[in-house]
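**Q** What would the 3D arrangement of this be:
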Amino acid sequence: MTASTGGPALAKVGLVRAGRDGEDEETALNQGLAIIGFRDVGDLRAFRSIDELIATIRRTDPAGREHRAENRGRQLWAFREALQPDDTVVLPLKTRSGQIALGRASGTYQFREIGGEKRHTRAVTWVRPDCARTVFQQDLLYSFGAFMTVCRITRHDAERRVAAVLG
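**A** Predicted coordinates for the structure are as follows:
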């Protein structure tokens, strides 16, 4: 429930990318998944805390900057823990110009084999896999253009506005 209206709470909106060049987009849409990279980090269920995950990333990349390890760890932890079933998933499509896929998270984190390698995944029901970018105003499109692979979109009343487009 929302405190102000007494109505149902809106689903969180999570941005999830499918490869730097969109290389995992078709697999994600065809298999009902969110798939993220970070291939150098193993099964996230092995970590008891975000601090343990970040410490492991630091050890595997000792020459890396402190900020980079924290940023990567927070994105991975968000994918594992913060994204929950029924949350809205936004996947800006790089391979389909002018389109954004919208769906609902429908499962928990899984480290599963895809294309012969283990990958970080979440089940997603893609409700609108071919939504035109033009249905969103520029302020939300800027948020969807965030640099991150995984992040929550909260600005500009995103939960309500994306829910309206999702139907």
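**Q** contact partners of stretch 74-84?
**A** Contact partners of stretch 74-84, identified using CB atoms under 8 Å, 6 or more residues apart in numbering, comprise 12, 14, 16, 34, 36, 38, 41, 44-45, 50, 53-54, 89, 105, 109, 120, 122, 148-152. All C-beta atoms are positioned from the backbone trio N, CA, C, and that covers glycine.
**Q** Buried ones in it, by neighbour count?
**A** Within stretch 74-84, the residues scored as buried using 16 or more other CB atoms under 10 Å are 74, 75, 76, 77, 78, 79, 80, 83.
**Q** Can you get me the start-to-end distance on it?
**A** For stretch 74-84, the separation between the terminal residues is 16 Å (CA to CA, to the nearest Å).
**Q** and it, how far from the chain's centre?
**A** Relative to the chain's own centre, stretch 74-84 is displaced by 8 Å; criterion: CA atoms, centre = their mean, to the nearest Å.
**Q** List the buried residues of stretch 60-74.
**A** 69, 71, 72, 73, 74.
**Q** buried subset of the contacts of stretch 74-84?
**A** 12, 14, 16, 34, 36, 38, 41, 44, 50, 53-54, 89, 105, 109, 120, 122, 149-152.
**Q** if I look at residue 145, how far off is residue 153?
**A** To residue 153, residue 145 is 11 Å away according to CB to CB, to the nearest Å.
**Q** ok, now residue 60?
**A** 29 Å.
**Q** Need the distance between the two termini of stretch 131-141.
**A** Distance across stretch 131-141, first residue to last, is 13 Å (CA to CA).
**Q** all numbers from here: first residue = 59
**A** All right, first residue 59 from here; so that's stretch 189-199.
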